[in-house]
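> What follows is a predicted structure for the sequence shown.
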Amino acid sequence: VSCIVIVISLKGYFSNMVALGAVASYVCFFEIGLGPIPWLIVAEMFDGKYVTAAMSIACQLNWACNFFVGLFFPYMNKSLGAYSFGPFAIVLLLTFLFAWIYLPETQGTTPAELQAELVRKNAGRSYHNMDIEGMASHVPPTQDEWQEALAMLAQEYDLDEGTGAKV
């Protein structure tokens with residue numbers, strides 16, 4: 001709604017103060033609505049051990065998008081004029097629809113339940129030859145398994161070191 005008011009104001013139907021108020025309204029509602037999604041989704045959809053990496057990727061993508069918006073907005077404004085906020089309205093609508101349709105409700109669910117829901121929803125789909133169901137059932141090695149594997153490697157190295165051959 002704010003984007004529509006901005007466009008109408010820039011076309012001269014409302015004063016520039018209305019356009020300024022609409023921009024402020026757009027920013028306020030974006031920041032309490034869809035703006036925090038990159039920060040909130042990551043924290044709720046990943047296990048604690050993956051949150052830092054996923055949050056880093058989400059932060060980099062968010063700032064890259066901000067950079068490109070700042071870089072290309074003057075050109076959009078020059079070519080689209082009063083309609084320069086139209087693409088933002090379209091992207092905002094598509095993002096809202098994506099979040100509404102594809103993202104699961106996370107209130108009251110644990111990360112394990114959320115992961116199981118996503119695996120169930122995406123079972124049978126293949127993403128670049130990745131087995132979604134197999135990945136979900138894979139349990140990372142424990143500390144004992146790591147120590148056992150390192151001990152075996154050290155033992156093999158010691159045996160080969162006596163013969164002069166290295167693995």
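In hand now; what should we look at?

> got the residue ranges for the helices in this structure?
2-10, 16-32, 37-45, 48-80, 86-102, 111-122, 132-137, 143-163 (DSSP state H).

> okay, the ones you listed, which one's buried deepest?
helix 2-10 (a mean of 19; mean count of other CB atoms under 10 Å). Placement of C-beta: from N, CA and C, glycine included.

> Residues touching that one, excluding its own?
14-16, 18-19, 22-23, 25-26, 29, 81-86, 88-89, 92 (CB atoms under 8 Å, 6 or more residues apart in numbering).

> related to what we said a few turns ago, same list (the helices of the chain) but as JSON lines, adding mean pLDDT.
Shown next, in JSON lines, are the helices of the chain (pLDDT from 0 to 100):
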{"stretch": "helix 2-10", "mean pLDDT": "81"}
{"stretch": "helix 16-32", "mean pLDDT": "84"}
{"stretch": "helix 37-45", "mean pLDDT": "76"}
{"stretch": "helix 48-80", "mean pLDDT": "87"}
{"stretch": "helix 86-102", "mean pLDDT": "84"}
{"stretch": "helix 111-122", "mean pLDDT": "76"}
{"stretch": "helix 132-137", "mean pLDDT": "54"}
{"stretch": "helix 143-163", "mean pLDDT": "76"}
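
> how close does E105 sit to M45?
Note on E105: its distance to M45, by CB to CB, to the nearest Å, is 12 Å.

> Hmm, I typed the wrong one, I wanted A149.
To M45, A149 is 30 Å away according to CB to CB.

> Please apply the same query to T52.
Counting by CB to CB - T52 and M45 are separated by 14 Å.

> C-alpha coordinates for stretch 21-29, CSV please?
Provided in CSV are the C-alpha atoms of stretch 21-29 (Å, rounded to 0.1, in the frame of the first residue of the first chain):
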residue,chain,number,x,y,z
GLY,A,21,5.2,9.8,4.9
ALA,A,22,4.6,6.8,2.6
VAL,A,23,8.3,6.1,2.4
ALA,A,24,8.6,6.2,6.2
SER,A,25,5.6,3.9,6.4
TYR,A,26,7.1,1.5,3.9
VAL,A,27,10.4,1.3,5.9
CYS,A,28,8.6,0.9,9.2
PHE,A,29,6.3,-1.9,8.0
